[in-house]
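quick one: sequence plus predicted model below, questions after.
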Amino acid sequence: MALEKNTNIVMEKSNQALNYEIKKIDGVKLATTCAGLKKKKRDDLLLIFFPKNSTVSAVFTKNKLAAAPVLIAKKNLLSKKKSCAIIVNSSIANAGTGKKGLEDVIFYTSYLAKKINCDAEQILPFSTGVIMEYLPIKKMVSGINCLVKELSYTSWDNASKAIMTTDTKNKVVKKRVIIDGIELKIIGIAKGSGMIAPNMATMLSFVFTNALISKKLQNIIINDSVNKSFNNISVDGDTSTNDSYVLISTPSDKSLQIKNKDDKNFHIFRQLVIDISKKLARKIVDDGEGATKLLKLIISGVENKKHCKIIASKICNSLLVKTALNASDPNIGRIYSALGSSELSFIKKDNFILKVNDLVIWDKGKIGSSYSEKKGQYEFKKKNIVIKISFINKDSSADTYEFYSCDLSKEYVEINSNYRT
């Protein structure tokens, strides 16, 4: 459903009265502090406090060795008592820490609960950083004492910086629209740079909105959103133990109400959340560890999305494709081979067209008639590279799918070989 149709909606950039920076979501308070978890002195602990009538949905890593905070957050989301706070630490992932890791999370969430007057199961904990290291609990407690004193409405930039690890840029996306005279605001933050794969990518993302929506409808939106954004990116093909994406709606008596799946507002809100998530996902790939180029992969003519995922994984995670991109080497055989390695039965030499940007390099059974090494190198030297794979499909209803990745550089190796030092 197009946002502009069947409803009175004013997008942020189309009206000067809306042209101001969104600084807050009503009822949501944030604080950051330096608890000394990082070797470099910078904020490494984040607290977000929100109303107890909020609707909270989350998607977590599919890694079978999920981190202690992920296990506790999942458990707390099942509690009858509604979530009202998020606490995030960077530098240490608290994964691969066994029973002690779980006990540490229970301890610091219980301590925080007393400070903010709620129950421990109403707090959602998250961590990111080095795996198989224990949290320094004394530093966590000291940091929590600072956080509860500093809560404010406008610290979104600081919040996005406090959760960074190898990120070189903080990631914030804001959106404000007017629908039928009612203001709808969305603010999202994310972190991610390495250990990124298209399977609930290694990242943390928290998206807040002032919409009034049920948990059932919001669950539909978050799952749809993650499948069209964070699950369609890859930096290095690795999936972490701590991946988490949380969507929180904090309604008031002035909120836009979303009643059911047939409600026009459901479709508008759903698309806005998807757009926010896509922008955050794109920022993660843009900031890929050591990345110098952005790869956009477009696949069309394939009816089964799972097949698209398989193809994307083979191309976006191919070290040979990624290093060729980094070197601006038009070794088109790398892409051709990666596509074939997907082993999908419908892939035939003569049923697809392969392009790099607008240059045809494979045309239904033969190398593109206008292709040359010189032209290929010209395209591969560009910072933004688009690979298009179009399958010949009689069913014109087959969707087009987009995936994002980046090149692999010497700097990536340096960053990760020195990650703990």
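Yep, it's here. None of the values given here were measured: they were computed from a predicted structure.

three-state assignment of K41?
coil (DSSP: H, G, I helix; E, B strand; the rest coil).

which residue packs closest to it, ignoring adjacent ones?
Using CB to CB, 6 or more residues apart in numbering and skipping the chain neighbours, the partner closest in space to K41 is C34 (5.9 Å). Backbone N, C-alpha and C define where each C-beta goes, glycine included.

pretty sure that neighbour contacts D43?
Yes: between C34 and D43 a contact is recorded at 5.2 Å, counting by CB atoms under 8 Å.

those two: which has the busier surroundings?
Counted by other CB atoms under 10 Å, C34 and D43 do not tie: D43 has more neighbours, with 21 against 16.

domain ranges for the protein, per the record?
Annotated domains of the chain cover 9-286, 294-417 [automatic domain parsing].

adding mean pLDDT, write those out as TSV.
What follows is the domains of the chain, written out as TSV (pLDDT from 0 to 100):
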stretch	mean pLDDT
domain 9-286	89
domain 294-417	88
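
okay, those domains, which one's buried deepest?
Ranked by mean neighbour count under mean count of other CB atoms under 10 Å, these are led by domain 9-286, which reaches a mean of 19.

how far away is the closest residue to I258 other than its chain neighbours from Y245?
Nearest residue to I258, sequence neighbours excluded (CB to CB, 6+ apart): I213, at 4.3 Å. Per CB to CB, to the nearest Å, I213 is found 17 Å from Y245.

over to T32?
20 Å.

show me where the stretch 151-300 of the chain has strands.
For the stretch 151-300 of the chain, the strands defined by DSSP state E, counting those that start in this stretch cover 171-179, 182-191, 204-209, 244-249, 294-300.

out of these, which is closest to N223?
Checking those against N223 by CB to CB gives strand 244-249 as the closest, at 9.9 Å.

got the contact list for that closest one?
28, 50, 54-61, 70, 73, 83, 86, 124, 126, 200, 203-213, 218, 221-222, 225-226, 230, 273, 277 (CB atoms under 8 Å, 6 or more residues apart in numbering).

name the SS class of the residue of the chain positioned farthest from its centre, please.
Here the chain reaches farthest from its C-alpha mean at S369, the gap being 39.4 Å by CA atoms, centre = their mean. With three-state DSSP as the basis, S369 sits in coil.

in the sheet, who's paired with the closest residue to it other than its chain neighbours?
Spatial nearest neighbour of S369, excluding adjacent residues (CB to CB, 6+ apart): D363 at 6.9 Å. Legend: beta-bridge partners of D363 under DSSP bridges are I353.

pretty sure D363 is in contact with N351, am I right?
No: judged on CB under 8 Å, D363 makes no contact with N351 at a distance of 11.3 Å.

packing partners of the longest helix seen in the chain?
In the chain, taking DSSP state H as the definition, the longest helix is helix 264-286. Contact here means 3 or more CB pairs under 8 Å, 6 or more residues apart in numbering; DSSP states H and E; on that basis helix 264-286 packs against strand 171-179, strand 182-191, strand 204-209, helix 215-227, strand 400-406.

can I get those in TSV including distance to E379?
Shown next, in TSV, are the helices and strands packed on helix 264-286 (distance: least, CB to CB, whole Å):
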stretch	distance to E379
strand 171-179	28
strand 182-191	30
strand 204-209	32
helix 215-227	30
strand 400-406	16
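
which among those is found nearest to G301?
For the helices and strands packed on helix 264-286, the distance to G301 is smallest for strand 400-406, at 8.4 Å, taking CB to CB.

picking up where we left off before, shouldn't the residue farthest from the centre of the chain be in contact with W362?
No: contact criterion CB under 8 Å: S369 and W362 do not qualify, at 11.0 Å.

show me whatever sits in contact with both of those two.
Shared contacts of S369 and W362 (CB under 8 Å, 6+ apart): none.

list the residues that contact the closest residue in space to Q377 that isn't next to it in sequence.
Once flanking residues are discounted, Q377 sits nearest to P330: 4.8 Å by CB to CB, 6+ apart. Contact analysis of P330 by CB under 8 Å, 6+ apart lists 324, 356, 373, 376-377, 379-380.

switch the cut-off to 7 Å
373, 376-377, 380 (CB atoms under 7 Å, 6 or more residues apart in numbering).

over to it: give its phi and psi.
phi -80, psi 60 (degrees, to the nearest 10).

quick one: it from M164, how far?
Going from P330 to M164 by CB to CB gives 35 Å.

same deal with K215?
Relative to M164, and taking CB to CB, K215 is found at 30 Å.

one more: T33?
For T33, the distance to M164 equals 15 Å [CB to CB].

mind pulling up the phi and psi values for C308?
Main-chain torsions, C308, degrees, to the nearest 10: phi -60, psi -40.

oops, could you answer that again for G301 instead?
phi 90, psi 10.

out of everything not next to it in sequence, what's closest to it?
G301's closest residue in space is F391 (CB to CB, 6+ apart), at 3.3 Å.

is the one you found in contact with N304, as I believe?
No: with contact defined as CB atoms under 7 Å, F391 does not reach N304; the gap is 11.2 Å.

which of the strands of the stretch 151-300 of the chain sits closest to E402?
E402 lies closest to strand 294-300 among the strands of the stretch 151-300 of the chain, at 5.6 Å (CB to CB).
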